[in-house]
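**Q** Build me a model:
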Amino acid sequence: MDNKIEEKYIKIIQKKSGEERLKIAMELRKLVLKMAEEGVKSQNPRISSEDLKAYLQKRIYGFSFPFKNSSREVR
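**A** Model prediction:
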């Protein structure tokens with residue numbers, strides 16, 4: 001990011017309340033997760049929702065919880 005733009009962004013964020021910053025962070029998280037989901041789906045069009053959840057958990061957190069109907073182990 002351009003240094004001046006980054007400085008302006010930081011100043012704008014600093015003026016927001018903690019609640020507003022948290023809301024922004026949660027919206028950004030939701031957007032990033034949606035982008036990751038769509039990327040995985042585009043590479044694996046037939047992936048089940050359980051396998052998608054497991055894959056994303058593994059990718060984001062480094063591990064995945066077993067889902068009842070998951071047809072494969074995520075590596």
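
**Q** The biggest helix by length in the chain - contacts with which helices or strands?
**A** The single longest helix within the chain, with elements called by DSSP state H, is helix 18-43. In terms of contacts (3 or more C-beta pairs under 8 Å, 6 or more residues apart in numbering; DSSP states H and E), helix 18-43 is packed against helix 49-61. No exception for glycine: its C-beta is placed from N, CA and C like everyone else's.

**Q** Relative to the whole chain's centre, how far out is the helix it packs on?
**A** The chain centroid and the centroid of helix 49-61 are separated by 11 Å, computed with C-alpha atoms, centre = their mean, to the nearest Å.

**Q** can you pull the buried residues of it?
**A** By 16 or more other C-beta atoms under 10 Å, the buried positions in helix 49-61 come out as 51-56.

**Q** nearest to Lys16, of those?
**A** Leu56 (28.7 Å; C-beta to C-beta).

**Q** Would you mark the buried spots in the strand or helix carrying Tyr9?
**A** For Tyr9, the element it lies in under DSSP states H and E is helix 3-14. Going by neighbour count (16+ other C-beta under 10 Å), nothing in helix 3-14 comes out as buried.

**Q** That helix vs helix 18-43, what angle?
**A** Angle, helix 3-14 to helix 18-43, by axes from the mean of the first three to the mean of the last three C-alpha atoms, to 10 degrees: 120 degrees.

**Q** any idea what sits nearest the residue positioned nearest the centre of the chain, other than its immediate chain neighbours?
**A** A centroid search over the chain (C-alpha atoms, centre = their mean) returns Leu33, at 2.6 Å, as the residue closest to the centre. Nearest residue to Leu33, sequence neighbours excluded (C-beta to C-beta, 6 or more residues apart in numbering): Leu56, at 7.2 Å.
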